[in-house]
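Trainee: sequence plus the predicted model coming up.
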Protein chains: 2
Amino acid sequence: MKSKSSGLFRNLALLAIIASATAIPGSLFAVDAPAQKSVQQWDVFEVQLSGPAGGNPFTDVQLSCNFSDGTRTVTVNGFYDGDGVYRIRFMPDHPGGWSYTTGSNAPALAGKTGSFQVTPATGKDHGPVYVRNTYHFAYGDGTPYNEIGTTSYIWVHAPDDWEDVTLKTLADSPFNKIRMLIFPHDYNFRKTIAPTLFPFVGTPPRDWDYTRFNPAFFQHLEKRIGQLRDLNIEADLILFHPYGNSYGPNNSGFNNMGRAADDRYLRYIVARLAAYRNVWWSLANEWDFIRVKTEADFVHYGEVVSSNDPYGHMLSIHNGALIFNNTLPWITHSSIQNGDAVVESSRAELYRDVFRKPVVYDEVKYEGTGAARWAQLTPEEMVHRFWEGTIGGTYVGHSEYDVVDGDYWLAYGGKLYGQSPPRLAFLKKVLDDGPARGIDQIDKWQDSPVAGVPGQYYLVYFGLNKPTTWAFQLYKNGLRDGLHFKVEILDTWNMTVTPVDGDFVTAKKDNYYFVDEQNRSITLPGNPYIALRIRRVDNTPAVPLTAPNGE
Amino acid sequence: MKSKSSGLFRNLALLAIIASATAIPGSLFAVDAPAQKSVQQWDVFEVQLSGPAGGNPFTDVQLSCNFSDGTRTVTVNGFYDGDGVYRIRFMPDHPGGWSYTTGSNAPALAGKTGSFQVTPATGKDHGPVYVRNTYHFAYGDGTPYNEIGTTSYIWVHAPDDWEDVTLKTLADSPFNKIRMLIFPHDYNFRKTIAPTLFPFVGTPPRDWDYTRFNPAFFQHLEKRIGQLRDLNIEADLILFHPYGNSYGPNNSGFNNMGRAADDRYLRYIVARLAAYRNVWWSLANEWDFIRVKTEADFVHYGEVVSSNDPYGHMLSIHNGALIFNNTLPWITHSSIQNGDAVVESSRAELYRDVFRKPVVYDEVKYEGTGAARWAQLTPEEMVHRFWEGTIGGTYVGHSEYDVVDGDYWLAYGGKLYGQSPPRLAFLKKVLDDGPARGIDQIDKWQDSPVAGVPGQYYLVYFGLNKPTTWAFQLYKNGLRDGLHFKVEILDTWNMTVTPVDGDFVTAKKDNYYFVDEQNRSITLPGNPYIALRIRRVDNTPAVPLTAPNGE
């Protein structure tokens, strides 16, 4: 959460100036909703106010609010929700007493004050996800977040009962993030039913008033985001995308609303949704395929989102053929489309070092039997890519393209027919049972399939290879003679964990490696997709790690 | 070359101000050298002036010179060469008449004028190397530059006759770039003879006056750089490096001269050497292992070099374990240490997309039989890495670690004992005979070992695989039915080229590929390190290329 130590009075002063210059006549008879008296940490605290309904409230009225815990002030923007109703949403990041004061150029909305209690997070509420240890994620309360993502682009544009099916499917899945489009795609549910809700007022497919949002669309969207939140699933909201010829061919329509409308849309989205702790911002899908927007445009849009979001939610931009400059400071993590990069872990790792941020391979092609190369991954290959990405110290995203009744998960959600999800649940359990600090390559740039935490925890993944034996050997970092390790054989496809008898005890082999003091090997089943989990079991002090030096 | 359209008078005015404020008494009896009357394009034009020898000319005297062809002015800095001699060096980039005017805070050096003729480049003089087609290089005259580099860190710190041996070896080698340190390394030739020339005045190993350069050191260095130039070998000059404990343990000594001395050193190097067309600047070797300099320091040093170099020579920075932010604008190409990245072409390509610059894998481990992992590449693996890098659309660097009489090529040069150089000469001939625009992946992110120019020229490299047949098949971009291709089998290790009988004629297979209209396959020898060269031989118009779209 970004704080402004002395922003309260400065902002109020600014708003007073704005108000005097461009005052909007308010409804003298509006009635504000009763004030909320308490909220759970990281839940949504909402102030509902009545204000002007005439003119165009979306463009005419500015509304913001300073929230303070007594030492720190957080400024959030409010938004117009139609019918003279204005809302301000706030996600408090710690328990205790908070107060607020509104500011607006509409007198009916200005100077509203209140106070409320924030209660500690309970149950499934772990807070928003942030970056931890450079390459990994954790919730606000410190719980590790091991991303196992999926994509269903327009599941919130489906018939309502189908969206409920999607939520049910997600609840039974391993997925803890879903990528989804705000703007509609260019085809209909079951190829017959067109979306009925759109983000702007107007007439589909192409007659929109980009100065007037459609509250019903956003009310529906945020209901679904809230339901995802209650399932502990992050909503990776794709703010722009190149699809949607039905709504504007040749990169027109929602792709090409113009800078002022784009900025207003982004501010509105952030004002409405940022208080949902499970929101991630994906600035674009396949940004470079949106031909009417330049890279510089997206830098601007990224800065608009970043500067308006008081909580610093995860913010990324997904590529088509051209990787965005992910070194820019507002990009929290790299969202990469490149299935080829997770074919093996040594590839997967390469982008990490360049960007020095978590890498999520959000698009690695899809499980399915489609005609297109991107829609024909075997389930084995999909699971394999997750494991290779994991061993590369990165995260991976799933989706599937199995057309049933004219639709498929990648588009409108619904049901999953593929075989990868249970195996991804197995991987997720391995990660959740693993080191809290995340999985990193143990001996990077050495073509080594070993990742974990030096001296403590190792995953060895053999992928497509089918070894029948593995001589116990670990890279020296974090090791000394006499450390005890337990080994388990993981069959990542058949989802079995088989302990290996006895302890393996380290003995220095040469300048690089330690082996078992009795030179023990491990017998392996000779199948593909086998991994080893090797965990330190003695209680002697950790061996100090050496800095990476290429050797 | 950077030009300043109206910089002449502004610079002279500035220097007049400097001169009046901090005038240095000149030697009234100094005699300038006779002015040079002509020079070949891209050769060194030198003005030799006599000036003050008292005080500390390295810090007291500013000297610059405006060179003009009548429409464009290029400002270069002069430098002090000891014994009251000052020099100004200029590399003209086109034939015709040029004139110059000096400026200085020393009256004896100010206001010197002259004119000279630049004659067209002839023979081996192709000009400096620049980036072309985003990922590739060409000389100033447009001749493609296909980098086949090597490294010999301190060959210019060896006994003189050994340096001559090194030059003879290079003359007979395929190498057209050599990486070399300016500052000494921390050990002696044959482990007994310490370097005798050092860049600063003082007493080795650690008593240096960083305010006074040693002209004899630089005269020797530039003699060797000039000899490399005459062999058409680029001198990739490493300006800082972390080695040299003998000269300053714990990152002191030359690693830690302080900001002012570092800046002065960089300006002096650029003033002396930038007129050599074969100079490349490598800001550091293993920059992140220089613990006393931060990344921000190197950004500053990069800007110092870049802003002082009027010709925009190639400028890079080489990493240890941490990849520098190669997106910065002053970095012309990525100089990468990561042998693992050139194990196969799909890895090699990944950095290219990120940096959108040429990638030179300057350190991929070394051919040799050393105990260290970085010193034990087989010659086959060294050649293989060059080929994988090539198929990834990148360039690679060689060196070798075969200790003979206590030294080896990587350190003090001398003779090459490895088996890779003739094979690298074979690769270089393939590249020089190949497309002038360079080799790019044909179907990136599809795990495809095919590179070239779509529709025109293809290299297929099988690497460690030993296929006995290859069904003719090419990705669709740039193809249509009925195009004729000739195929040759290249044995990259045995250095043979075997033509395959007849033409292969394209016929569309599916949405992705074209095959031979008779479904012909090519019989292969079943050895590793085999490549195919496939060249278009009909004269029909080129097929327009499609934009990359991930498919």
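Mentor: Sure, I can see it. These numbers come from a predicted model, not from an experiment. Numbers count the residues shown, from 1 in each chain, chains lettered A, B, ... in the order given.
Trainee: C-alpha only now, for contacts and for neighbours.
Mentor: Will do.
Trainee: ranges for the helices of the stretch 401-550 of chain A?
Mentor: A:409-412, A:420-432 (DSSP state H, counting those that start in this stretch).
Trainee: list the contacts of the last one.
Mentor: Residues lying outside helix A:420-432 but in contact with it, judged by CA atoms under 8 Å, 6 or more residues apart in numbering or on different chains, are A:144, A:146, A:148, A:173-175, A:367, A:379-380, A:382-383, A:386-387, A:492-495.
Trainee: buried subset of these?
Mentor: Of the members of the contacts of helix A:420-432, the ones counted as buried by neighbours, 16 or more other CA atoms under 10 Å in any protein chain shown, are A:144, A:146, A:148, A:173-175, A:367, A:379-380, A:382-383, A:386-387, A:492-493.
Trainee: narrow those residues to those in helices?
Mentor: Those of the buried ones among the contacts of helix A:420-432 mapping onto helices are A:Pro379, A:Glu380, A:Met382, A:Val383, A:Phe386, A:Trp387, per DSSP state H.
Trainee: you'd agree the fifth one is up against A:Val342?
Mentor: Yes: judged on CA atoms under 8 Å, A:Phe386 makes contact with A:Val342 at a distance of 7.5 Å.
Trainee: tell me the spacing between the residue in the stretch 51-200 of chain A positioned nearest to chain B and A:Arg259.
Mentor: For the stretch 51-200 of chain A and chain B, the shortest gap (CA to the nearest CA) falls at A:Thr134, measuring 13.3 Å. Distance, A:Thr134 to A:Arg259, by CA to CA, to the nearest Å: 33 Å.
Trainee: may I have stretch A:340-348 as CSV, with CA atoms only?
Mentor: C-alpha atoms of stretch A:340-348 as CSV (Å, rounded to 0.1, in the frame of the first residue of the first chain):
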residue,chain,number,x,y,z
ASP,A,340,9.0,-22.7,-26.0
ALA,A,341,10.6,-21.1,-22.9
VAL,A,342,9.1,-23.7,-20.6
VAL,A,343,10.1,-26.7,-22.6
GLU,A,344,13.0,-27.1,-20.3
SER,A,345,14.0,-25.3,-17.1
SER,A,346,17.2,-23.8,-18.3
ARG,A,347,15.3,-21.8,-20.8
ALA,A,348,12.6,-20.9,-18.3
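Trainee: and it, what's buried?
Mentor: Buried, per 16+ other CA under 10 Å, within stretch A:340-348: A:Asp340, A:Ala341, A:Val342, A:Val343, A:Glu344, A:Ser345, A:Ser346, A:Arg347, A:Ala348.
Trainee: mind checking the pLDDT average for that stretch?
Mentor: Mean per-residue pLDDT for stretch A:340-348: 96.
Trainee: and stretch A:164-183, by the same measure?
Mentor: For stretch A:164-183, the per-residue pLDDT averages 98.
Trainee: for stretch A:532-551, same thing?
Mentor: 84.
Trainee: repeat for stretch A:302-310
Mentor: Rounded mean pLDDT across stretch A:302-310 is 98.
Trainee: so what touches that stretch?
Mentor: Residues contacting stretch A:302-310 (CA under 8 Å, 6+ apart): A:1-3, A:74-77, A:263, A:266-267, A:270-271, A:274, A:283, A:312, A:315, A:330-331.
Trainee: who in chain A is up against chain B?
Mentor: A:289, A:320-325, A:327, A:338-341, A:346-347, A:350-351, A:353-354, A:373-374, A:445-447, A:548-551 (CA under 8 Å from any CA of the partner chain).
Trainee: now the buried members of these.
Mentor: Applying 16+ other CA under 10 Å to those flags A:289, A:320-325, A:327, A:338-341, A:346-347, A:350-351, A:353-354, A:373-374, A:445-447, A:550 as buried.
Trainee: out of those residues, list just those in helices.
Mentor: Short answer: those in helices (DSSP H) are A:Ser346, A:Arg347, A:Leu350, A:Tyr351, A:Asp353, A:Val354.
Trainee: from the residues you listed, which is closest to A:Arg437?
Mentor: A:Asp353 (17.3 Å; CA to CA).
Trainee: which residues touch the closest residue to that closest one other than its chain neighbours?
Mentor: Residue nearest to A:Asp353 in three dimensions, not counting chain neighbours: B:Ile323, with 6.2 Å by CA to CA, 6 or more residues apart in numbering or on different chains. By CA under 8 Å, 6+ apart, the contact list for B:Ile323 reads A:Asp353, A:Val354, B:Ile336.
Trainee: need the contact list for the last one.
Mentor: What that stands for is B:Ile336. B:His318, B:Asn319, B:Ile323, B:Val359, B:Val360, B:Tyr361, B:Asp362, B:Glu363.
Trainee: which residue packs closest to the second one, ignoring adjacent ones?
Mentor: Just to be clear, that refers to B:Asn319. B:Glu286 (4.2 Å).
Trainee: then the fourth one?
Mentor: What sits nearest to B:Val359 in space, not counting adjacent residues and going by CA to CA, 6+ apart, is B:Ser334, at 4.7 Å.
Trainee: so what's the residue count around A:Leu524?
Mentor: By the measure other CA atoms under 10 Å in any protein chain shown, the count of residues near A:Leu524 is 17.
Trainee: actually A:Leu431, sorry about that
Mentor: Neighbours of A:Leu431 using other CA under 10 Å come to 18.
Trainee: before we move on, back to that, and the contacts of stretch A:302-310, which of them are in strands?
Mentor: Judged by DSSP state E, the subset of the contacts of stretch A:302-310 located in strands is A:Val74, A:Thr75, A:Val76, A:Asn77, A:Leu283, A:Leu315.
Trainee: element containing A:Arg229?
Mentor: Here A:Arg229 is covered by helix A:215-230, with elements defined by DSSP states H and E.
Trainee: list the buried ones in that helix?
Mentor: In helix A:215-230, counting by 16+ other CA under 10 Å, buried: A:Pro215, A:Ala216, A:Phe217, A:Phe218, A:Leu221, A:Glu222, A:Arg224, A:Ile225, A:Gly226, A:Leu228, A:Arg229.
Trainee: make a markdown table out of those residues and add pLDDT.
Mentor: A markdown table is the format used below for the buried residues of helix A:215-230 (pLDDT from 0 to 100):
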| residue | pLDDT |
| --- | --- |
| A:Pro215 | 98 |
| A:Ala216 | 98 |
| A:Phe217 | 98 |
| A:Phe218 | 98 |
| A:Leu221 | 98 |
| A:Glu222 | 98 |
| A:Arg224 | 98 |
| A:Ile225 | 98 |
| A:Gly226 | 98 |
| A:Leu228 | 98 |
| A:Arg229 | 98 |
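Trainee: on the pLDDT front, check A:Ala23 for me.
Mentor: At A:Ala23, pLDDT is 41.
Trainee: what does A:Leu28 give?
Mentor: So A:Leu28 comes in at 43 (pLDDT).
Trainee: ok, so of the contacts of B:Ile323, who is nearest A:Ile391?
Mentor: Nearest to A:Ile391 among the contacts of B:Ile323, with distances taken as CA to CA, is A:Asp353, at 14.3 Å.
Trainee: how much space separates A:Pro435 from chain B?
Mentor: 23 Å (CA to the nearest CA, to the nearest Å).
Trainee: residues near that residue, how many?
Mentor: Residues near A:Pro435, counting by other CA under 10 Å: 16.
Trainee: and the spatially closest residue to A:Thr122 that is not a sequence neighbour, how many neighbours?
Mentor: Leaving aside its sequence neighbours, A:Thr122 sits nearest to A:Gln40 (CA to CA, 6+ apart; 8.0 Å). By other CA under 10 Å, 20 other residues sit near A:Gln40.
Trainee: give me every residue that touches A:Gln40.
Mentor: By CA under 8 Å, 6+ apart, the neighbours of A:Gln40 are A:Pro95, A:Val118, A:Thr119, A:Pro120, A:Ala121, A:Thr122.
Trainee: repeat that for 6 Å
Mentor: By CA atoms under 6 Å, 6 or more residues apart in numbering or on different chains, the residues touching A:Gln40 are A:Val118, A:Thr119, A:Pro120, A:Ala121.
Trainee: run a quick neighbour tally on the spatially closest residue to A:Lys37 that is not a sequence neighbour.
Mentor: The spatial neighbour of A:Lys37 that comes closest, neighbours along the chain excluded (CA to CA, 6+ apart), is A:Phe116 at 4.7 Å. The tally of other residues near A:Phe116 (other CA under 10 Å) stands at 17.
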